[in-house]
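Here's my sequence, what's the structure:
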Amino acid sequence: MDAALLALTSVFTVNSMIMLVTGVILGLLLGVIPGVGGMLGLVVLVPLTLDLDAYSALALLLGLAAVTTTSDTIPAVMIGVPGTGGAITTVVDGHPMAKNGEAPRALGAAYMSSMIGGVFGAVLLSLSIPVMQPLLLSLKTPDFLAISLLGLVFVSSVSGKNWIKGVIAALLGVLVSMIGLDPTTGEERFVMGQSYLWDGAPLAAVFLGVFALPEITALSRRSQISERPQVLSKGSTIASGFRDVLREWWLVVRCSALGTFLGAVPGVGVTVIDWIAYGIAKRDRRGGPDFGSGNVRGVIAPESANNAKEGGYLIPTIAFGLPGSASMTILLAAFAIHGLSPGPEMLDQNLPVTISMVYYLVLANILGGLICLALTRQLSKIAFVPTFTIIPAALVLITIGAFQVTLSANDIFVLLIFACLGLMMKSAGYARPAFALGFVLGGPIERYFSLSQQIYGAEAFTRPSIILVILFGGFLIYRAKKTINKTSWDDVWDTTKTQEIASALILAMIGAVALYASFELTSPARWLAYFVSALVLILSLLIAFSSWRREFEPSMAGKLPTLLLPGVRIFGFVIAVSIGLFVIGHLITTFFAVLLYLRMASGRITRGYTAYAFVFTAAIWVIFDRLISLPWPKSMLTSFLHI
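The predicted structure is shown next:
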């Protein structure tokens, strides 16, 4: 009870409430933009929470994560394009309802079921806390090692079509997590003589490079976010959608429970959860139009499930450090930044923080639903905004987010290096969420491996948890053998032969260099470095050899060539902003960078563009100079003027 009251008082503070509202608004904006989603928002926001307390940081991040699957319904219903992967199923019946003049009814049903599902998932999360606590206290270090290794099994769920590529990406993430000083012996590992890397590869710069810049590069190729305009129908009311949800309350409860429980199983994606929920609704039609032609139950079921899943995702994330989704890997990074360790500590010393997450989920879902109801027409217009008005603001935030890790130029170098890696992975089909999974789990795997060796020795592998490790290895071998035996790779690769071979050889070279460097290590975890780097080398060479033998269709154009020129422009903009931070300061740089990008993209400078640049610069000042108080380095201009 004391922990619940402490959490309640910490949640209802001015700073926490401001951060929660900010996160909810940002999440709603990102959810309504097709193809962007909450992952990009979390990646950008995590480094910005460095100077916030844990409660305010979680309020901001959970506020965003909880509601992207609420507002993504707007483009799904209005234009038939899902804002995020969580709205793919909603399109099936939601968009036909809009065509039938029932858009407000579909949106009303979606908002109400999303709100109820989100609250339901948070309640189940709170009920699971007493069950998780005694379970975790009974586990030993080798058990946590086995669970961490088991987490990599679920890499297949975020690996796209080619599972082997997903394994390579995850192992590459584990290798990157080993950069820095060895935690047990203090010796240098993979730092290439750079003291900057002694603390490891900066998480913010790595994630912004691998995820954010490649997505912005792809977005820059589109003149407009959506080119399929649709107007809101006046044929029905939002209130009628509310009544549909109340009438189908049992369907809402079943699908919310489904979303929570399946979300608690690491690796079960939101798309799988939504389609199972849709199948539940479809088996019990109860009249109305055919499914696929505008049945409101086809909207209620997936929307209930995909908001409830967030509470489920948090259960393995908090209890075992196993991210339930790709976005939860980003949340684990926030845990690390704020000194929170998943496991027993989250249910003991940090129990108030854990309980606060329940409150934040409930408040975020209610607030997000109410805002969507009030601003449906305004939010839907964001899907039609030209991309060039969004890109400069996003790039400034990305640059600042990476730069504020250590406030040095090294942060920008790391950002650009990993952006190149992310661009190659995106174009060649290597799952970046799998890389994030490996990067986040790499630390716990190495830590528990070393501790198990030191405390238990060989006895560590006689515990029952060794069965999980054996199952893990057997699963990998089975899946790899199954993939290697494919006679045709057409269903898993959509890149050119040259691109496949080149990307595979680059990754093989990384594995070879890491393997060579591993021979110089003396720490107990060196065997883990041997194993991971050797696997990266072998599997990459396997893909290169298979690509060389395979016949590629001439029509397979590949994605990398089309991303090269936009990538050069985006990278150039980031470099220019970075130089500006040191030369003329962050505020002047922000104003002129946004304005000049708009000028180059549109060919003119208008009063509206100037006002936009000014307002965005003012927002940067409020966030980074007033709320966060970031200690900016003194620019050359201010030094010259003696300001």
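
contacts and neighbour counts: CA atoms only from here.
Fine.

my read is Val191 is in a helix, agree?
No: read with DSSP: H, G, I helix; E, B strand; the rest coil, Val191 is coil and lies in no helix.

contacting residues for it?
Listed by Cα atoms under 8 Å, 6 or more residues apart in numbering, the contact partners of Val191 are Ile179, Gly180, Leu197, Trp198.

Pull the contacting residues for the second one.
Gly180 is in contact with Glu188, Arg189, Phe190, Val191, Leu197, Trp198, Asp199, Gly200, Ala201, counting by Cα under 8 Å, 6+ apart.

buried set for stretch 437-449?
437-449 (16 or more other Cα atoms under 10 Å).

got the CA positions of it in CSV?
The C-alpha trace of stretch 437-449 is given here as CSV (Å, rounded to 0.1, in the frame of the first residue of the first chain):
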residue,chain,number,x,y,z
LEU,A,437,17.0,-6.8,-29.4
GLY,A,438,20.5,-8.1,-29.5
PHE,A,439,22.0,-4.8,-28.5
VAL,A,440,19.7,-4.6,-25.4
LEU,A,441,20.0,-8.2,-24.4
GLY,A,442,23.8,-8.3,-25.0
GLY,A,443,24.6,-6.7,-21.7
PRO,A,444,22.5,-9.0,-19.5
ILE,A,445,23.7,-12.1,-21.4
GLU,A,446,27.3,-11.2,-20.8
ARG,A,447,26.8,-10.1,-17.2
TYR,A,448,24.9,-13.3,-16.2
PHE,A,449,27.4,-15.5,-18.2
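
chain center to it: distance?
Stretch 437-449 sits 18 Å away from the centroid of its parent chain (Cα atoms, centre = their mean, to the nearest Å).

what do you get for stretch 207-224?
The chain centre lies 14 Å from the centre of stretch 207-224; the measure is Cα atoms, centre = their mean.

buried sites along it?
The neighbour-count check on stretch 207-224 (16+ other Cα under 10 Å) flags 207-220, 224 as buried.

Which members of those residues are positioned in helices?
Residues of these located in helices (DSSP state H): Phe207, Leu213, Pro214, Glu215, Ile216, Thr217, Ala218, Leu219.

what sits against the closest residue to Ala409 other than its chain neighbours?
Once flanking residues are discounted, Ala409 sits nearest to Phe403: 7.3 Å by Cα to Cα, 6 or more residues apart in numbering. Taking Cα under 8 Å, 6+ apart, we find Phe403 in contact with Ala205, Ala409, Asp411, Ile412, Ser578.

tell me the secondary structure for Pro633?
Of the three states, Pro633 takes coil under three-state DSSP.

Could you tell me the phi and psi values at it?
Pro633 adopts backbone torsions of phi -70, psi 150, taken as degrees, to the nearest 10.

again, but for Asp182
Dihedral angles (degrees, to the nearest 10) for Asp182: phi -60, psi 130.

how much space between it and Tyr456?
Look at Asp182 and Tyr456: by Cα to Cα, to the nearest Å, they are 20 Å apart.

These two: who's more crowded?
More neighbours surround Asp182 than the other of Asp182 and Tyr456, with 22 against 13 (other Cα atoms under 10 Å).

quick one: that one from Ala170, how far?
With distances taken as Cα to Cα, Asp182 is found 20 Å from Ala170.

And Val536, by the same measure?
Going from Val536 to Ala170 by Cα to Cα gives 9 Å.

neighbour-wise, which of those two wins?
Shown here are Val536 and Ala170; by other Cα under 10 Å, Ala170 has more neighbours (32 against 28).

Just the pLDDT at that one, thanks.
Here, the pLDDT recorded for Ala170 equals 85.

same question, Leu152
67.

now swap in Val492 and tell me
On pLDDT, Val492 comes in at 39.

Right, I'll leave it there.
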